[in-house]
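**Student:** Sharing a model prediction with you, sequence too.
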Amino acid sequence: MASGSTTERAIVVGAGLAALRGAEAMREAGFTGPLTIVGAEPYRPYDRPPLSKHVLTGETGPDATTLPSSLGGDVEWRLGSPAERLDRGSRTLHLADGGALPYDRLLIATGTRARAWPNPHEGRLAGVFTLRGRDDAAALRTALAAGPRRVVVIGGGFIGCEVASVCRQLGLPVILVEPGPTPLARVLGGTVGAFIGAIHEGRGVNLRCGSEVEWLEEANGRFVRAHLTDGTRIDADVAVIALGAVRNTEWLDGSGLSADPGGVDCDAAGYVLDADGAADPRIAAAGDVARFPHPLYGGRRVALEHWSQAVAQGIHAGRLLAGAKPEGPYGALPTFWSAQGNVVVKSVGLTEGADALAITHGEPGTGRFLAVYGRAGRCIAAVSVDSARWLPAHAERVAVGAPFPPEGTAADRPAKGITLLTPGFP
């Protein structure tokens, strides 16, 4: 595939952040052929982080989240109809509306969707919400602005914690139900999760950790009560289902590509693998849906739902499909952030597999601290809570796999020195 071809056709499947940055990178790298962007939603690419924060508080309208773009009028947009099937034999993408688009180069960036409530009928009740897209945020904002007597958030991950924080900002009673020992335990471990949970409780969030919602009760088609497995009942007008995300890979069934609910497999360069493990040089993937071997973690395959990852990998994949030779295996340092009320949590690296934890700066009891995660004597991740200024130095340590525990600095170090703890993953 020659860079700058004016005859080959490129399709970007997905219309989110990774898709947009990938399409821009293709043009910037010299691809001038026909370019089509396919999106399931009727909107141009928009920024998702504000949806669970400023959009819910009413500070930002859903339509104000549209992302700026350098793309020109020579791009065709096919919005409002998702991809339904990929025929690699004829190199054709089939859409749900019956359309069929031929391609020579394909970027898969279909992202994720919110995991639905297990009981479909209960999940469709008035007053029950998930939060992933613009329409979800607009509907939930309307419900919160109406002043419900109580909100129950089911799931204590990042989205659940962000929604609970917004409820307290709006002065709404909120109960967060999480089956794990603490909020964020699966991502950050129970030790840091407990510290963050204490911050939320101090701001009025009613935490019910170690609990699980069994079913949702209705009255006249509306949600009125959540029933927990231990027999507890929670009266509420609004339920927010925050059970994580599902990667959009079903449309690839039968395509011969290596894809499953965990993502689309890529090689180290970013090309998508077929079922036999061979790379398809016409197809790349980026963003939440891409599962790739990360060089910082021994080549372990990971799929990352991070904003910065969508940008970096989208640009990388776009350049790859435009014909630019990769300088080496793709392996941008994972970074993530979450604003939970006036608490900002930022992270670098991946905490999975950590066997040790060190509090290197601040004091957890004050709500400002930095934790470093170690594995087999090496630094693999760092998380700051309202302590972002300490994070860059630790990011460098994570990027090179520096020895753990890390050496502390005199400024803002805990009064008793670096504290070593167990991460407490469930």
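**Tutor:** Received, thanks. Numbering: from 1, shown residues only.

**Student:** so residue 97 sits in a helix?
**Tutor:** No. Counting by DSSP: H, G, I helix; E, B strand; the rest coil, residue 97 is not found in a helix; it is coil.

**Student:** quick one: contacts of stretch 127-136?
**Tutor:** With contacts defined as CB atoms under 8 Å, 6 or more residues apart in numbering, stretch 127-136 is touched by 41, 43, 46, 48, 51-52, 62-63, 65, 112-117, 122-123, 137, 139-140, 143, 148, 159, 163, 216, 222-224, 237-242, 245. C-beta here means a position set from N, CA and C on the backbone, and glycine is covered the same way.

**Student:** The stretch 151-300 of the chain: helices as residue ranges?
**Tutor:** For the stretch 151-300 of the chain, applying DSSP state H, counting those that start in this stretch gives helices covering 158-169, 185-202.

**Student:** Identify the bridge partners of residue 240.
**Tutor:** When assigned by DSSP bridges, residue 240 has beta-bridge partners residue 129, residue 153.

**Student:** same check, this time on residue 46
**Tutor:** Here residue 46, judged by DSSP bridges, has bridge partners residue 66.

**Student:** In contact with it: list those residues for me.
**Tutor:** Residues in contact with residue 46 (CB under 8 Å, 6+ apart) are 62, 65, 66, 67, 134.

**Student:** Now the buried members of those.
**Tutor:** Buried by 16 or more other CB atoms under 10 Å: 62, 65, 134, out of these.

**Student:** Pull up the gap between the first one and residue 150, please.
**Tutor:** Distance, residue 62 to residue 150, by CB to CB, to the nearest Å: 25 Å.

**Student:** Mean neighbour count and distance to residue 287 for the helices of the stretch 151-300 of the chain - can I get that in JSON lines?
**Tutor:** Below are the helices of the stretch 151-300 of the chain laid out as JSON lines (neighbours: other CB atoms under 10 Å; distance: least, CB to CB, whole Å):
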{"stretch": "helix 158-169", "mean neighbour count": "24", "distance to residue 287": "17"}
{"stretch": "helix 185-202", "mean neighbour count": "21", "distance to residue 287": "19"}
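
**Student:** Next, format those as a markdown table and append distance to residue 336 and mean pLDDT.
**Tutor:** Formatted as a markdown table, the helices of the stretch 151-300 of the chain follow (distance: least, CB to CB, whole Å; pLDDT from 0 to 100):
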| stretch | distance to residue 336 | mean pLDDT |
| --- | --- | --- |
| helix 158-169 | 8 | 98 |
| helix 185-202 | 9 | 96 |
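
**Student:** which residue ranges form the strands in the stretch 51-200 of the chain?
**Tutor:** Assigned by DSSP state E, counting those that start in this stretch, the strands in the stretch 51-200 of the chain fall at 75-79, 83-87, 92-95, 100-102, 105-108, 112-114, 128-130, 151-154, 174-178.

**Student:** hmm, back to that, pipe the helices of the stretch 151-300 of the chain into JSON lines and attach distance to residue 391 per row.
**Tutor:** Below are these laid out as JSON lines (distance: least, CB to CB, whole Å):
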{"stretch": "helix 158-169", "distance to residue 391": "17"}
{"stretch": "helix 185-202", "distance to residue 391": "14"}
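
**Student:** and residue 361, which of these is closest to it?
**Tutor:** Of all the helices of the stretch 151-300 of the chain, it is helix 185-202 that lies closest to residue 361, at 13.4 Å by CB to CB.

**Student:** now that closest one: how far from the chain's centre is it?
**Tutor:** Here the centre of helix 185-202 is set off from its chain's centre by 19 Å, with CA atoms, centre = their mean, to the nearest Å.

**Student:** what angle do that helix and helix 158-169 make?
**Tutor:** Between helix 185-202 and helix 158-169, the angle comes out at 10 degrees (axes from the mean of the first three to the mean of the last three CA atoms, to 10 degrees).

**Student:** tell me what helix 185-202 is packed against?
**Tutor:** On a contact count with 3 or more CB pairs under 8 Å, 6 or more residues apart in numbering; DSSP states H and E, helix 185-202 meets helix 158-169, strand 206-209, strand 335-340, strand 343-349, strand 356-363, strand 368-375, strand 378-385.

**Student:** Parallel or antiparallel, which strands does the third one pair with?
**Tutor:** Sheet partners assigned to strand 335-340 using DSSP bridges are listed as strand 343-349 (antiparallel).

**Student:** Buried by neighbour count, from the contacts of stretch 127-136: which ones?
**Tutor:** Buried by 16+ other CB under 10 Å: 41, 43, 46, 48, 51-52, 62, 65, 112-114, 117, 122-123, 137, 140, 143, 148, 159, 163, 216, 223, 237-242, 245, out of those.

**Student:** Let me see the mean pLDDT of stretch 78-89.
**Tutor:** Mean pLDDT, stretch 78-89: 98.

**Student:** where does this protein have low pLDDT?
**Tutor:** For the chain, residues meeting the criterion pLDDT under 70 lie at 1-6, 408-416.

**Student:** Next up, the contacts around the residue nearest the centre of it.
**Tutor:** Centrality entry for the chain: nearest residue to the mean C-alpha point is residue 305, 3.0 Å, by CA atoms, centre = their mean. With contacts defined as CB under 8 Å, 6+ apart, residue 305 is in contact with 112, 245, 288.

**Student:** Go ahead and confirm the second one touches residue 155.
**Tutor:** No. Counting by CB atoms under 8 Å, residue 245 stays clear of residue 155, with 10.9 Å between them.
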